[in-house]
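1. next one to model:
(one chain, ligands or ions: 2)
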Amino acid sequence: MNDILIQDTTAFFEKSFGSSPQKTVLSPGRINIIGEHIDYNDGYVLPAAIDKVICFAFEKNNSKKSKIIAIDLNEEFEVDLTQEVQLSDVVWTNYILGVIKQLQDNGFSFEGFNCVFSSNIPVGSGLSSSAALECGMLFGIAALFDLTIAKKDIALMGQKAEHWVGINCGIMDQFSSVHGIEDKVIKLDCNTLEFEYHDANFKDYSLILMDSNVKHSLFTSEYNTRRLECEEGLLIIKNHFPEIKSFRDCTEEQLLSIEDKMNPTVFKRVHYVVKEINRVIKACEALDNGNIELLGALLFETHYGLSQEYAVSCAELDMLVDTAKEDDSVIGSRLMGGGFGGCTINLIKKGCENEVKRKFSNLYLDTFGIELKFYDVKISNGTTLL
Ligand code: ADP
Ligand code: MG
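-> Ligands and ions are numbered 1, 2, ... in the order given. Below is the predicted model of the structure:
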């Protein structure tokens, strides 16, 4: 699938600049098995890079200006590297300007380059095309100008670039885009950035994403509100248990013992967080033991936590998960990503995929008048220089 993308991107580069690219980079999107809304709460998450990528082609142009073409949008822009970068009204360019700013702020020196890029990661569906864009640009510029940058720092600079664009995201997306390994999930400690790989063998089940094709506008405001609610809850926990430094140190019993000290909404949010961190640990054990049915049950628990306690679901996602819960061929399902739209991640019995897809798409179309999309994803390598 990516061979065609690489060929097309290379051909577009040659047509645009009259030469062959000096560097070609593939930068993947990501899934997250479990541990949702946990990266910014300093707990554990379980993401993996996938076989959907942005392909970038680069060359030096021996000037102080860079020209970047987004093939999919049929748009291009130029940036003068001698001037301080400023936010632009054209959103996609800001991710790239943010990356250039990060490199400059961190003292890396580089000169003008030409770049074209094209993608098969669905945009805005929660597969983190934005992190793929940031990390691929960073990787490519580093390769072109022989800059030595550790993978971890690429992820951190990508995250800061996204903050500059205006999304106060955690580290998970950039980290998994850079550190992914084929057929492995990454158990990442978002507090220390320590990580370990676990085999991603789902045995008799296929990993399939269902794209609700909706994105409700609540997303950004509610995301920032959840961050504040969790900060407030953590402060109260710390006041009662001074030994607790972050949510991962807090047991459910400790939290329940101070329920009446918190506003009920804040309690629901932090109750979800404490339970979800424990679910990530259980999910890793289930994967290691080949107990995929248990993993599936944990996914459902996460969804109902996200829906009822963390309140980041919507009618479309709830319907998809409720339908999965009633279907014997689907052993686990939950909303994946920030919520209010985007995808659900599902474990579907091998051999039943087509039947499940038919049933869900008919039901979804009948209920919401919207076409449901499916992505069969394969867990793959992180950002790669070809
Ligand atoms: P997600 O990361 O879940 O896909 P975001 O809203 O965080 O969704 O990021 C999507 C944004 O990233 C797009 O609006 C666009 O600005 C930029 N982007 C992603 N893929 C591309 C692409 N192929 N071409 C141009 N811009 C892209
Ligand atoms: Mg994103």
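2. check contacts around residue 276.
-> Contact partners of residue 276, counting by C-beta atoms under 8 Å, 6 or more residues apart in numbering, are 34, 35, 36, 37, 38, 43, 302, 305. All C-beta atoms are positioned from the backbone trio N, CA, C, and that covers glycine.
3. pull out the buried positions in the helix or strand that it is a member of.
-> Under the criterion of DSSP states H and E, residue 276 resides in helix 264-288. Neighbour-count burial for helix 264-288, counted by 16 or more other C-beta atoms under 10 Å, picks out 266-274, 276-277, 279-284, 286-287.
4. now the helix or strand following that helix - C-alpha only, PDB.
-> Using DSSP H and E, the helix or strand that follows helix 264-288 in sequence is helix 292-304. Provided in PDB are the C-alpha atoms of helix 292-304 (Å, rounded to 0.1, in the frame of the first residue of the first chain):
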ATOM      1  CA  ILE A 292      -7.300 -11.500  24.400                       C
ATOM      2  CA  GLU A 293     -10.800 -12.000  25.700                       C
ATOM      3  CA  LEU A 294      -9.700 -10.200  28.900                       C
ATOM      4  CA  LEU A 295      -8.100  -7.500  26.900                       C
ATOM      5  CA  GLY A 296     -11.400  -7.100  25.000                       C
ATOM      6  CA  ALA A 297     -13.400  -6.800  28.300                       C
ATOM      7  CA  LEU A 298     -11.000  -4.100  29.500                       C
ATOM      8  CA  LEU A 299     -11.600  -2.100  26.300                       C
ATOM      9  CA  PHE A 300     -15.400  -2.100  27.000                       C
ATOM     10  CA  GLU A 301     -14.700  -1.000  30.600                       C
ATOM     11  CA  THR A 302     -12.600   1.900  29.200                       C
ATOM     12  CA  HIS A 303     -15.300   3.000  26.900                       C
ATOM     13  CA  TYR A 304     -18.000   3.100  29.500                       C
END
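5. can you offset everything so residue one is 51?
-> Shifting the count to begin at 51 puts that one at helix 342-354.
6. who does helix 342-354 touch, helix- and strand-wise?
-> Helix 342-354 makes packing contacts with helix 314-338, helix 365-376, strand 380-385, strand 391-399 when contacts are defined by 3 or more C-beta pairs under 8 Å, 6 or more residues apart in numbering; DSSP states H and E.
7. that one vs helix 314-338, what angle?
-> On the basis of axes from the mean of the first three to the mean of the last three C-alpha atoms, to 10 degrees, helix 342-354 is oriented at 160 degrees to helix 314-338.
8. okay, angle between helix 342-354 and strand 380-385 too, please.
-> In terms of direction (the same axes, to 10 degrees), helix 342-354 departs from strand 380-385 by 30 degrees.
9. helix 342-354 to helix 365-376, inter-axis angle?
-> Orientation check (the same axes, to 10 degrees): helix 342-354 against helix 365-376 gives 150 degrees.
10. what's next to helix 342-354, contact-wise?
-> Contact partners of helix 342-354, identified using C-beta under 8 Å, 6+ apart, comprise 83-84, 86, 252-255, 325-326, 329, 332-333, 336-337, 363, 367, 371, 374-375, 380-385, 394-395, 397.
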